[in-house]
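Participant: Quick one, what's the 3D model for this:
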Amino acid sequence: MRGDTLRKVLPKTIPVFIGYLFLGIGFGILLKEIGYGFFEVFLMSFFIYAGSMQFAAISLLKAGASLGTFALTTLFVNGRHFFYGLAMADRYKEKGWRKALLVHELTDETFALVSSEEDMTSEERLAVSLLDHSYWVLGSLLGVALGTAFPIPSEGVEFVMTAFFVTVFTDQWLTRKDHIPALCGLFTAIVCRFLFGSGNFLIPTMLVLTVILLFCSGRKKA
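Facilitator: Numbering: from 1, shown residues only. So this is what the prediction gives:
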């Protein structure tokens, strides 16, 4: 990866760096609190690399959940990533490990960056993806270090994920002209929250959004 490519995309990833740093610190602190250390945090952040699911995994680990529960929870919490891959299929023309790596790196924030600029080259997308991933790993390890060195209270730490999603939503609203997907996501989540309650609205929201996005995609192709 060329140095000029890194210099070009680095400024674009600074907002993600700030968000991932604090999100990762929160995750590291919470995982350290239930008895895990640097090795486990590194493995989760490097291989799983799914912020919302990693936070959810903390509660599942505390409850002693089964592997089946983990699998189903991951499917529902991170099911949206299937659509990220589909949306980027035409742009990710690479083959082999490079394409698999790019798809694996498609978090919410990375997808927002690489999908917003159609003229971004393959090397630039890879650079953005790897930089974002490194920020998450760094933040997670810092969280473990801080949790080990200082008695940091964990109350309210989980809210950093919600705050960061609000930031991403605001950034996409300001930078993209088409606000229909954002509005669909917002109002669907609000309606399902009132209909199904705070503990059960995620799955209905994802199902309704899937139908809406598939319908809109079909209309555009037609």
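Participant: what ranges do the helices span in this structure?
Facilitator: Remark: helices assigned in the chain by DSSP state H are 3-33, 38-43, 51-63, 67-77, 80-87, 97-104, 108-116, 122-149, 159-175, 180-196, 202-221.
Participant: Would you mark the buried spots in the fourth one?
Facilitator: When you say that, I think you mean helix 67-77. In terms of neighbour count (16 or more other C-beta atoms under 10 Å), helix 67-77 has its buried residues at 73-74, 77. C-beta here means a position set from N, CA and C on the backbone, and glycine is covered the same way.
Participant: Mind giving me the packing neighbours of it?
Facilitator: With contacts taken as 3 or more C-beta pairs under 8 Å, 6 or more residues apart in numbering; DSSP states H and E, helix 67-77 sits against helix 51-63, helix 202-221.
Participant: winner for burial among those helices?
Facilitator: Highest mean neighbour count of those: helix 51-63, a mean of 17 (counted as mean count of other C-beta atoms under 10 Å).
Participant: Run the chain-centre distance for it.
Facilitator: Offset of helix 51-63 from its chain centre (C-alpha atoms, centre = their mean, to the nearest Å): 14 Å.
Participant: What average pLDDT does it get?
Facilitator: Averaged over helix 51-63, pLDDT sits at 82.
Participant: cool, and stretch 210-222?
Facilitator: The predicted model assigns stretch 210-222 a mean pLDDT of 67.
Participant: swap in stretch 16-28?
Facilitator: What stretch 16-28 shows for mean pLDDT is 88.
Participant: Now render the helices and strands packed on helix 67-77 as CSV, adding distance to Trp173.
Facilitator: CSV is the format used below for the helices and strands packed on helix 67-77 (distance: least, C-beta to C-beta, whole Å):
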stretch, distance to Trp173
helix 51-63, 20
helix 202-221, 17
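Participant: closest to Phe17 out of these?
Facilitator: With respect to Phe17, and counting by C-beta to C-beta, the nearest of these is helix 51-63 at 13.8 Å.
Participant: who touches the closest one?
Facilitator: The contact list for helix 51-63, computed with C-beta atoms under 8 Å, 6 or more residues apart in numbering, reads 20, 23, 26-27, 30-31, 34, 36, 44-45, 48, 69-70, 73-74, 77-78, 107-108, 136, 158, 161, 164.
Participant: again with stretch 178-195
Facilitator: Taking contacts as C-beta under 8 Å, 6+ apart, the residues outside stretch 178-195 that touch it are 169, 172-173, 176, 201, 204-205, 208-209, 212-213, 216.
Participant: quick one, phi/psi of Tyr49?
Facilitator: Backbone torsions of Tyr49, given as degrees, to the nearest 10, read phi 50, psi 60.
Participant: Is it correct that it is in contact with Asp108?
Facilitator: No - the criterion here is C-beta atoms under 8 Å, and Tyr49 misses it with Asp108 at 11.6 Å.
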